[in-house]
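Asker: Coordinates only, no sequence provided:
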């Protein structure tokens, strides 16, 4: 019997199969794509055996095609292979239809859907997957095609290729294959990971037309999608359905809901989702903790941020850069100085870099609470870091810090450094310089800065006008005209009001109307400052009646709120965010109310209290306030002072009996305007020690 010779084809499409070739056709050649294999008969000889022991010869011989020929067999046949072998061959072949088909033909004609599904699951090349799908569609019953499509859709989701997935979905529909819930699940998730959220919505809205109802996976996916695009109603509707059905929700969906609530500034909603997770026994991950911390930072809820962080560490999670960044922002925005500086130190020790924004909020905190040395150190560290250089906002924070602490030379040096770096001063920087020069009573420099601002075409805003008013509360009376001229150019209506005050014109009713219109039209964040400064000017000029009128207007326009609070046990005067003139005016009005209540025989509450919240930098004004109470021989006793962040809290108390005795000793005919009126005729600065 003649011995057959084995053929091992060198092309990828034929390495797996044995062929029996008729020796009568010695010039037969086989071509597959770019590979061409020439078959030749080679008899057995001793030289061939020697080459097998030679490594170089082995390589050379393996690189040549081999053939096993049975002289008596004239028919070519193929040996069948298992699915795992087909998977192996497909992983190395070219994305060529002929090669893929030749490999899969070796599975035989009776390919079942399980084998096809197994093979498709293991293919990582999308082009080969599509070719394999095309082949299997010819072998598998049509009712099982959707299963095969879904396997390929899963691949496209994993490699984030929605374009191919969408094309294949269109082809699927054209071929009459009905998608099922798994189809939509893979496609929606594919669109989501590719950030094509509008495509995910389109697919979700098409589901009912194919008789598909959302399952837990699709519902969780769409909670994420709707939360990210800001469709609150749909996100919450699906969230309620999932909770009622007690379906599991992905962590990324919980995070998306928290971020959605954070964007809406509904921070209670963020905490509500977090509490839902606790009730359901869902353990958050670092991403979710960071999302919640970020929301608490935006809400300035430093206490909540601290609690969440402690729970995160208790659950064994290590903070990352996102964690520290959120904490630093939360503490800085809420003026938790020690905690913020501690986080900053820990970040630096771990080699973490800060963004320009984090440097901004940290330096802004230091500027607001007067941490000058710490701010300078952080500023220099920022410049040395090399990761980000100071911008206008950074310089603004430092100039503001020096300005509010009366350090003119340092503010000027920072301004010069800023301009030398090629940064153009904006209105905020120049406004703070105006404040700085005003606080130092350098009126001419204020005018110089204002003219510079005017000459370069910067339009004065409400904050600059408020700052110019503040300057008028600081400088001598004989220099008020210089600032009045600037104010008239910046805001003619305000200029008219200031002239009425400085020239002590009689109020014909038009003055208060103008003030009311001015305050109503002003930006919300400067209304109280404008009103405070106007009252201070009146206070300094000895115009207590107008100060009272302006304070009353502030109450009417709700610029001032909760100034007095009264219960059965306590009557309290709450002085917060008020200038000194406004504080004194509010005190006079309150004492007048006490006198009227006493005179009418009204029973006073057990405790009368004064609470004043002010910045530590206003401690000299606080001294004047306390001295004034003593000069009145008032019964109010000072309680222990308390400092918290950027605020100083002073509290004064008196019993109703003490208050009655004092009011009686004053005499029923004495009015509030008689209260040490000499204090109203001189600027506050003249009273300071």
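Answerer: Okay, I see it. Bear in mind the structure is a predicted one, so any value in this text is a computation, not a measurement.
Asker: I'd say residue 423 and residue 391 touch.
Answerer: Yes - between residue 423 and residue 391 there is a contact under Cβ atoms under 8 Å: 6.9 Å. Every residue, glycine included, has its C-beta placed from N, CA and C.
Asker: ok, residue 585 to residue 506 distance?
Answerer: According to Cβ to Cβ, to the nearest Å, residue 585 and residue 506 sit 20 Å apart.
Asker: Check the burial of the closest residue to residue 131 other than its chain neighbours by counting its neighbours.
Answerer: Leaving aside its chain neighbours, residue 131 sits nearest to residue 100 (4.3 Å; criterion: Cβ to Cβ, 6 or more residues apart in numbering). For residue 100, the count of nearby residues is 25 (other Cβ atoms under 10 Å).
Asker: Tell me who's in contact with residue 100.
Answerer: 90, 93, 128, 131-132, 135 (Cβ atoms under 8 Å, 6 or more residues apart in numbering).
Asker: Take these and write them to JSON lines, including pLDDT and neighbour count.
Answerer: Shown next, in JSON lines, are those (pLDDT from 0 to 100; neighbours: other Cβ atoms under 10 Å):
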{"residue": "90", "pLDDT": "89", "neighbour count": "24"}
{"residue": "93", "pLDDT": "88", "neighbour count": "22"}
{"residue": "128", "pLDDT": "92", "neighbour count": "21"}
{"residue": "131", "pLDDT": "93", "neighbour count": "23"}
{"residue": "132", "pLDDT": "91", "neighbour count": "26"}
{"residue": "135", "pLDDT": "91", "neighbour count": "20"}
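Asker: Including distance to residue 272 and secondary structure, could these go into TSV?
Answerer: Supplementary listing: these in TSV, determined by distance: Cβ to Cβ, whole Å; DSSP: H, G, I helix; E, B strand; the rest coil:
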residue	distance to residue 272	secondary structure
90	50	helix
93	54	coil
128	48	helix
131	50	helix
132	48	helix
135	52	helix
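Asker: Tell me the gap between stretch 234-250 and the middle of its chain.
Answerer: Centroid displacement of stretch 234-250 relative to its chain, using Cα atoms, centre = their mean, to the nearest Å, is 25 Å.
Asker: oh, and call the first residue 613 from now on, that's how I've got it
Answerer: From this message on, residue numbering opens at 613, which makes the last subject stretch 846-862.
Asker: Would you mind checking the average pLDDT for it?
Answerer: Averaging pLDDT along stretch 846-862 gives 93.
Asker: what comes into contact with that stretch?
Answerer: Against stretch 846-862 from outside (Cβ under 8 Å, 6+ apart): 826, 828, 831-836, 838-839, 868-869, 872, 888, 894.
Asker: same check, this time on stretch 979-997
Answerer: Contacts of stretch 979-997 (Cβ under 8 Å, 6+ apart): 947, 949, 953, 956, 960, 965-966, 971, 974-975, 977-978, 1000-1002, 1006, 1009-1010, 1012-1014, 1016-1017, 1019, 1228-1229, 1257-1258.
Asker: Among the contacts of stretch 846-862, name the buried ones.
Answerer: With burial judged by 16 or more other Cβ atoms under 10 Å, the buried subset of the contacts of stretch 846-862 is 826, 831-836, 838-839, 868-869, 872.
Asker: Now tabulate these in a markdown table and tack on pLDDT and distance to residue 1054.
Answerer: Output for the buried ones among the contacts of stretch 846-862, formatted as a markdown table (pLDDT from 0 to 100; distance: Cβ to Cβ, whole Å):
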| residue | pLDDT | distance to residue 1054 |
| --- | --- | --- |
| 826 | 93 | 69 |
| 831 | 95 | 66 |
| 832 | 94 | 64 |
| 833 | 95 | 63 |
| 834 | 96 | 63 |
| 835 | 96 | 60 |
| 836 | 95 | 58 |
| 838 | 96 | 58 |
| 839 | 95 | 54 |
| 868 | 94 | 54 |
| 869 | 95 | 54 |
| 872 | 94 | 50 |
